[in-house]
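> Need coordinates for the below:
(4 chains)
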Number of protein chains: 2
Amino acid sequence: MFNLILSLNMEQNRYNQITITDIAKALKINPSTVSRALSDSSVVKSSTKKKIKEYAVKHNYQPNYAARSLQKKKTHTICILLPKIVVHEFFGKILLGVQREAQKHGYRCLILPTNYDLHKEINEIKNLLNGGTDGIIMSYQSDGTSDDYVNELIERKIPLVFVDIAPPNLKVSKVIIDDIHAGYMATKHLLEAGASQIACISGPRNVINLQRVQGYQKAINESKSNLNTDLIIFNEKIIEGEQLGMVCSEKLLKKYPQLDGVFATTDMLATGLIKVAKKQNLRVPEELKVIGFSNWAISMLYEPSISTVDQPGFEMGMKAAQLLFSKISATSKVSEETVIIKTKVIRRESSKVN
Amino acid sequence: MFNLILSLNMEQNRYNQITITDIAKALKINPSTVSRALSDSSVVKSSTKKKIKEYAVKHNYQPNYAARSLQKKKTHTICILLPKIVVHEFFGKILLGVQREAQKHGYRCLILPTNYDLHKEINEIKNLLNGGTDGIIMSYQSDGTSDDYVNELIERKIPLVFVDIAPPNLKVSKVIIDDIHAGYMATKHLLEAGASQIACISGPRNVINLQRVQGYQKAINESKSNLNTDLIIFNEKIIEGEQLGMVCSEKLLKKYPQLDGVFATTDMLATGLIKVAKKQNLRVPEELKVIGFSNWAISMLYEPSISTVDQPGFEMGMKAAQLLFSKISATSKVSEETVIIKTKVIRRESSKVN
DNA sequence: AGAAATAATGCAAACGTTTGTATAATAATT
DNA sequence: AATTATTATACAAACGTTTGCATTATTTCT
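Residues are numbered from 1 along each chain as shown, chains lettered A, B, ... in the order given. Coordinates of the predicted model:
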């Protein structure tokens, strides 16, 4: 009879999960003691602690997230806002890094794909603010016209860390690469491989691209060869990726037949470029040396394999999460920190020395 | 003075979020009425409802997830267990589909990358069981030796839906494709394109591959040409992807120079195959027609572009989520359902008619 | 042995919701 | 106008934890 009542009582519990109160009743101890025992408080006698813990593992006790969150005013959830995880393997790697780190801290990870359009997703973010998340990791994907949402996050003192791209005029924590330096190294690699007439193709004039191009310019300037600024091509975003690479390369290669090197600011631009070069019977790398950017999987698989700059996404994600957790657990305000992750040039066929 | 106390009171609240109790106090109404008003209960007078709602939006009220979860015994979180989101764009698409659907239901989405090794991650799953999640969508990535964890989920009556791959001998809900039919259609496409000596290369003998190969056999049998079972090559998992494709194609193409078509059970195998074919000066598609499987981005970008079978991941994800929510909201047990999503052959250069 | 100090446990309130039931206010009926 | 029926609100308990404080049990000291 007593058993019946007990089991009915437990039945109420979702999926038959045992609670602290259940343990307390079973052991005729107060719930508070059980709670303290389970969190290894030094205040409870080791013999009772042992008894409680044994019972807990035997009955597979798992703490109730919601109750703990409510009490502690912590969600044990952080949030990652990233654009289009689907196609973007780089962001996928960031994600893995963050998740690995979150797990260490006993945190869960919520992922929101943002489609490059944060403005529309502000409601989603607001929703997160109350009991939704303890902190946010995001990539700044704005045209810079309105940073209101970032400001709101800062005002509310939500722990916040940017990865890859950060708002340029705000004091925030961020984990980024040195795009200027990376562009510089990429271009220098082409020069060292024997190219001297080097063009640069890029997407729209956003922070990232501008910096990579700036690095390109620096390398060209150092190399005494006069930089023809016509050889820098920005492309506003109508099409993108490989298609964009094809369209802009078509003109470029026609107009400058003397070209023997191209720095593409993304790997996809590079594949488009090479496709066009082949069509025009330009041999890569013999007649045209190419380097891309990001080290996407395709750059290795393509024929010829494409030299590129490796962006260590996993490491960036881990570092970002570490920063975030230092903020979450900080008692007083912690200063904003910028971490710059090292990139390196990956040499492949597309820029082989003749 | 009163204001001070009030603001101090609200200060306690994380990130200055207003609560139902705050609204109640401010409006001198009982919290229960506020709660009912906000959930549009017909029992509260429309004038008070209006008053409450106005105050709520004005002060940007957002319900507290934890409190609601605790009370309702629902987490409003579902969980997706998927292998290696990073490289697997197909799984990325599933993810997007699930997330889209979850949002509709006011649910949040937790993603766990599983590295194809669920056994080791059972603890993670167990952790989810208590207050962790209301339901799970997963892809069955087991060698079939021990399905204990699946059984446990079923026993505990956790709403559960499989996508892409499901355990073969258990009665579960699943959203899959008809791999036999897809393999059949792919092979038939090669036959129609003019190939007659068709081989099949595949990864390890798992459920998926076996079925695709079975489809291949059916198509070959129908075509009166005698099926040479030597032309079916399984590869146990030592290396994988493109590398595997290269290694096994090398031998195959040498041994059977009369071959004029290959069905590869994944796109990555196909890229490896084509790379080798090129090296051996075999022209694709003129001398060798190739079709892959899954329609990964690379199959379109490769040169030549690779014919393949499209697996509509997004749709599969959405459907899986719909099934899951029907389970979550069901009052009584709902029967296990199998949804088969249609695939289609995508014709590209690699299988063009001469 | 008795007082004082320390250790171990129990009690109760709180976190922000929701919901069954009781009460109060209003409207409809006689 | 008094009774009943209806509608609207208030009360209180509950969800599973945690934690300051009170209480009880144990040890240490004189």
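> which parts of chain A sit against DNA strand C?
Counting by Cβ under 7 Å from any atom of the strand, chain A comes close to DNA strand C at A:28-33, A:36, A:43-48, A:67, A:70-71, A:73. For every residue, glycine as well, the C-beta is placed using N, CA and C.
> any weak-confidence spans in the stretch 251-354 of chain A?
Where the stretch 251-354 of chain A drops to pLDDT under 70, the residues are A:331.
> now do 90
For the stretch 251-354 of chain A, applying pLDDT under 90 flags the ranges A:251, A:284, A:296-298, A:300-303, A:313-314, A:317, A:324-335, A:354.
> List, one by one, the residues from it near chain B.
Within reach of chain B by Cβ under 8 Å from any Cβ of the partner chain, the stretch 251-354 of chain A has these residues: A:271, A:275, A:278, A:297-298, A:301-303.
> from the stretch 101-250 of chain A, which residue is nearest to DNA strand D?
At 11.1 Å from DNA strand D, residue A:106 is the closest residue in the stretch 101-250 of chain A, using Cβ to the nearest atom of the strand.
> sorry, back to before: from the residues of the stretch 251-354 of chain A next to chain B, list just the buried residues.
A:271, A:275, A:297-298, A:301-303 (16 or more other Cβ atoms under 10 Å in any protein chain shown).
> give me the number of residues near residue A:249?
29 (other Cβ atoms under 10 Å in any protein chain shown).
> which residues does it contact?
A:201, A:262, A:272-273, A:276-277 (Cβ atoms under 8 Å, 6 or more residues apart in numbering or on different chains).
> redo that, cut-off 7 Å
The neighbours of residue A:249, taking Cβ atoms under 7 Å, 6 or more residues apart in numbering or on different chains as the test, are A:201, A:272-273, A:276.
> would it count as being in a strand?
No: assigned with DSSP: H, G, I helix; E, B strand; the rest coil, residue A:249 falls outside any strand and is helix.
> For it, give me the pLDDT.
pLDDT for residue A:249: 93.
> And residue A:15, by the same measure?
50.
> And for residue A:69?
As predicted, residue A:69 sits at a pLDDT of 85.
> Verify the stated contact: it with residue A:75.
Yes: under the criterion of Cβ atoms under 7 Å, residue A:69 makes contact with residue A:75 at 5.2 Å.
> ok, the closest residue to the residue of the stretch 101-250 of chain A closest to DNA strand D other than its chain neighbours - contacts?
Nearest non-adjacent residue to residue A:106, counting by Cβ to Cβ, 6 or more residues apart in numbering or on different chains: residue A:76, 6.4 Å away. Residues counted as contacts of residue A:76 (Cβ under 7 Å, 6+ apart) are A:65, A:69, A:106-108, A:134.
> mind running it again at 8 Å?
A:65, A:68-69, A:106-108, A:134.
> Touching, residue A:80 and residue A:97? I think so.
No: contact status for residue A:80 versus residue A:97: not in contact, 10.1 Å apart, counting by Cβ atoms under 8 Å.
> And these two? Which one has more around it.
residue A:80 (30 against 23).
> if we can go back for a sec, mind listing which of the contacts of residue A:249 are in helices?
Residues of the contacts of residue A:249 located in helices (DSSP state H): A:272-273, A:276.
> Ranking by neighbours, what's the top pick from those?
residue A:273 (30 neighbours).
> Not counting sequence-adjacent ones, nearest residue to it?
Here the residue nearest residue A:273, using Cβ to Cβ, 6+ apart, is residue A:249, at 4.3 Å.
> Also residue A:243?
residue A:272 (6.5 Å).
> How much space separates the one you found from residue B:297?
13 Å (Cβ to Cβ, to the nearest Å).
> Also residue A:135?
32 Å.
> same check, this time on residue A:309
In terms of Cβ to Cβ, residue A:309 sits 20 Å off from residue B:297.
> just checking, residue A:153 touches residue A:162?
No: checked against Cβ under 8 Å, the pair residue A:153 and residue A:162 is beyond contact range at 10.6 Å.
> one step back: neighbour count for residue A:69 and residue A:75, which is higher?
Taking neighbours as other Cβ under 10 Å, residue A:69 and residue A:75 compare with residue A:75 leading, 26 against 22.
> With adjacent residues omitted, what lies nearest to the spatially most central residue of chain A?
By Cα atoms, centre = their mean, the mean C-alpha position of chain A lies nearest to residue A:94, the distance being 3.5 Å. The spatially closest residue to residue A:94, leaving aside those adjacent along the chain, is residue A:317, at 3.8 Å (Cβ to Cβ, 6+ apart).
> now do residue A:310
residue A:295 (4.2 Å).
> quick one, what contacts that neighbour?
A:267, A:308-311, A:346.
> So which of those wins on neighbours?
That'd be residue A:308 among the contacts of residue A:295, by other Cβ under 10 Å, with 29 neighbours.
> The residue nearest to residue A:94 touches residue A:93, doesn't it?
Yes: counting by Cβ under 8 Å, residue A:317 does reach residue A:93; the two are 6.7 Å apart.
> so residue A:136 sits in a helix?
No: applying three-state DSSP, one finds residue A:136 to be strand, outside a helix.
> quick one on the thing from earlier: how close does the residue nearest to residue A:243 sit to residue A:206?
Distance, residue A:272 to residue A:206, by Cβ to Cβ: 19 Å.
> Check residue A:95 too.
Taken as Cβ to Cβ, the span from residue A:95 to residue A:206 is 22 Å.
> More neighbours: those two, which one.
Between residue A:95 and residue A:206, counted using other Cβ under 10 Å, residue A:95 has the larger neighbour count: 25 against 17.
> Could you give the separation of the helix or strand containing residue A:182 from the chain centroid?
Per DSSP states H and E, residue A:182 falls inside helix A:179-192. Centroid displacement of helix A:179-192 relative to its chain, using Cα atoms, centre = their mean, to the nearest Å, is 23 Å.
> Need the CA coordinates for it. CSV is fine.
These are the backbone C-alpha positions of helix A:179-192, laid out as CSV (Å, rounded to 0.1, in the frame of the first residue of the first chain):
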residue,chain,number,x,y,z
ASP,A,179,43.0,40.1,-41.5
ILE,A,180,45.5,42.8,-42.5
HIS,A,181,48.4,40.6,-41.6
ALA,A,182,46.7,37.5,-43.2
GLY,A,183,46.2,39.3,-46.5
TYR,A,184,49.8,40.5,-46.3
MET,A,185,51.1,37.0,-45.8
ALA,A,186,48.9,35.6,-48.6
THR,A,187,50.1,38.1,-51.1
LYS,A,188,53.7,37.7,-50.1
HIS,A,189,53.3,34.0,-50.6
LEU,A,190,52.3,34.7,-54.2
LEU,A,191,55.3,37.0,-54.7
GLU,A,192,57.7,34.5,-53.3
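> name the helices or strands packed onto that helix?
strand A:198-201, helix A:207-222, strand A:261-264, strand A:289-291, strand A:308-310, strand A:344-346 (3 or more Cβ pairs under 8 Å, 6 or more residues apart in numbering or on different chains; DSSP states H and E).
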